[in-house]
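J.: fold the following.
(chains A and B)
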Amino acid sequence: MLVIGGLLLLCVIAMALAAELITPISPTRMSMRTRFSPPGSPLHPLGSDAIGRDVLSRLVHGARVSLRIGTFVVLAAGVAGTAIGALAGYFRALDGPLMRTMDALMAFPAILLAIAIAAALGPSEVNVVIALSAVYAPRTARVVRAQVLVLRDAEYVQAARVAGAGDAFILRRHILPNCTAPLIVQLTFVFAYAVLAEAVLSFLGVGPPPPTPTWGNMIADGRNFIREAPWITMMPGIAISITVLGLNLLGDGLRDVLDPRMQVAQA
Amino acid sequence: MSDAPLLVARGLTRHFTVRRHPFARASGVVRAVDNVDLTIAPGETLGLVGESGCGKSTVARLIVRLIAPTGGTLLFDGEDLLALSGQALRRRRADIQMVFQDPAGALDPRHTAEEIVTEPLEIHAIGTRTTRRERAEELFARVGLRPEHLRRYPHEFSGGQRQRLGIARALALKPRLIVCDEAVSALDVSVQAQVVNLFKQLQRELGLAYLFIAHDLSVVRHLSDRVAVMYLGEVVETASADALFASPHHPYTQSLLSAVPRHVPGGRPRIVLAGEVPNPLAPPPGCRFHTRCPLAFGRCRVEAPASVDLGGGHSAACHLVTKGAPAPSLRRTDHA
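T.: Residues are numbered from 1 along each chain as shown, chains lettered A, B, ... in the order given. This next block holds a predicted model:
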């Protein structure tokens, strides 16, 4: 599971990094003479869309956007979620106020909240990152808080306190490092959701604005021609599926590998 | 051993308030530790015994200041520990260290043995990386670990080695008192003996004082100079180890000691107590032990017994105990 997921994800990353090598055609270059070329055409291996743009080129350049947004969402949601979760779990007085706020954010369906925030901020890549980070930070905070609640009573934390360690030292040296396993698993899933949600936001027109090649934009562009030229929507759809599947497999695999009970079995 | 005491606890009390939900009024108070008096001299071992849930571990956590008492005083070397805070408290913490029950749980799985042992030095900003490593090697030698173990992680050690590692960490700051909370209970019997002997050896070499908490009476007897017996948050009897095991006075101590397995066939019969330890949320009035005491009579149900000084540092809190008289016998049941 870990290996398959990792390989799928590596393929997507390689595709995004090597976009120019895979196809020299610009993702925004139009060509009215070769509109609706089916996959397998000499010029367009994966076909072309309604205004003659190359589907392969848009696909590999779209992968860059998806992975970039996913990465920044993971970073932002990871940092914010870890900070909030650690504070809430460690300092009991902050637990109520912080986690009730997180619960309020989580009460909205994830995608609805993302749409609302992205629509309010306006369509741009940065705003998509902000919207998705706001959606996934509370979910990360909850995971981190649960872990911190367990760790703060660990005997090695008490031992550090008996030796005279302060809260900052204990958080930095003992609690946060021992949160990394569940955090990595959670952030893998956040990455998957972010890729999916970015496509949804783009499709609905609140993502990066149209000429930008994103998978969501491609599906939105192709949806009127789904009967005549299904490849325009199918190709980005497959790309999204593979990426999300790869990330989910990776997350599940990591969860099994990093499970503390598994570590005991290995030790 | 009897100059100025190292640690004096007077009326040490810790109550936990129980609430059904955060906004509820307190629905009860658990008197985990109630009015406990303890004295430990420099270089002395005080054993603390009692059933599970009697408050032994809470006493340990109070003395190392992991939790704050709700009442009483705690003097270390004549200085009021409870008045300390901030830097002064941090400095004083070096004098009182702790060894924990679960050798695996007390070591951070992500830190190497060297990081674990030198952490207290790092916290107190003592020495450089090099001198800390030297100190770690020295501590390792002292507790019987090999220097090449420094780079290992806790899961690569056996249970006994982990506990040695925990002891090395406790020694890092050159403490004068080590609180051992069930420090050998989680170990195999053979390993237990080795660790107990290590404790004795360290005491000889470093002049350490121990508060040794255990439920295994034979270990306590082997290690302790004096022993205090706790029941339901209170100390019911204190005596030198020899006096306590030879002539226990409090009925609870007598029944507790009768539970120690003996090698003599047909030795003294066990005294089996009826019932269970009462709910600490609602401790019985009068003497807390009266609900299970075979000798309880009317006065025990209404009046808490004061501690009776039996001379020679022996004292017991029971209405039936008087100085100079033999201990109340649980063999006779005409009192009940």
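J.: all helices for the stretch 51-200 of chain A, in order.
T.: Secondary structure of the stretch 51-200 of chain A (DSSP state H, counting those that start in this stretch): helices located at A:55-90, A:92-107, A:110-121, A:125-151, A:155-162, A:167-170, A:180-203.
J.: for the stretch 1-150 of chain B, that is, sorry about that
T.: All helices of the stretch 1-150 of chain B, identified by DSSP H, counting those that start in this stretch, fall at B:56-63, B:86-93, B:113-123, B:129-143.
J.: and of those helices, who's closest to A:A160?
T.: helix B:113-123 (6.5 Å; Cβ to Cβ). Using the backbone N, CA and C atoms, a C-beta is placed for each residue, glycine as well.
J.: average pLDDT for that closest one?
T.: Throughout helix B:113-123, pLDDT has a mean value of 94.
J.: which residues touch stretch B:70-89?
T.: Outside stretch B:70-89, the residues within contact range by Cβ atoms under 8 Å, 6 or more residues apart in numbering or on different chains are A:164, B:4-15, B:35-36, B:62-63, B:65, B:68-69, B:92, B:95-96, B:176-177.
J.: quick check on those: which are buried?
T.: The neighbour-count criterion (16 or more other Cβ atoms under 10 Å in any protein chain shown) marks A:164, B:5-9, B:12-15, B:35-36, B:62-63, B:65, B:69, B:92, B:95-96, B:176-177 among those as buried.
J.: in strands, which of these appear?
T.: Judged by DSSP state E, the subset of those located in strands is B:7-9, B:12-15, B:35-36, B:96, B:177.
J.: which ones among those residues come in contact with chain A?
T.: Cross-checking these against chain A (Cβ under 8 Å from any Cβ of the partner chain) gives B:I96 as the overlapping residues.
J.: as JSON lines, the ones in strands among the buried ones among the contacts of stretch B:70-89 with pLDDT would be great.
T.: Supplementary listing: those in JSON lines, determined by pLDDT from 0 to 100:
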{"residue": "B:L7", "pLDDT": "92"}
{"residue": "B:V8", "pLDDT": "92"}
{"residue": "B:A9", "pLDDT": "91"}
{"residue": "B:L12", "pLDDT": "91"}
{"residue": "B:T13", "pLDDT": "91"}
{"residue": "B:R14", "pLDDT": "91"}
{"residue": "B:H15", "pLDDT": "88"}
{"residue": "B:N35", "pLDDT": "88"}
{"residue": "B:V36", "pLDDT": "90"}
{"residue": "B:I96", "pLDDT": "94"}
{"residue": "B:L177", "pLDDT": "95"}
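J.: JSON lines for the ones in strands among the buried ones among the contacts of stretch B:70-89, including distance to A:L201?
T.: Listed next are those as JSON lines, based on distance: Cβ to Cβ, whole Å:
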{"residue": "B:L7", "distance to A:L201": "64"}
{"residue": "B:V8", "distance to A:L201": "68"}
{"residue": "B:A9", "distance to A:L201": "63"}
{"residue": "B:L12", "distance to A:L201": "61"}
{"residue": "B:T13", "distance to A:L201": "60"}
{"residue": "B:R14", "distance to A:L201": "55"}
{"residue": "B:H15", "distance to A:L201": "55"}
{"residue": "B:N35", "distance to A:L201": "65"}
{"residue": "B:V36", "distance to A:L201": "63"}
{"residue": "B:I96", "distance to A:L201": "58"}
{"residue": "B:L177", "distance to A:L201": "62"}
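J.: quick check on A:I22: phi, psi?
T.: phi -70, psi -40 (degrees, to the nearest 10).
J.: wouldn't it be in contact with A:L56 here?
T.: Yes - applying Cβ atoms under 8 Å as the test, A:I22 and A:L56 come out as touching, 6.9 Å apart.
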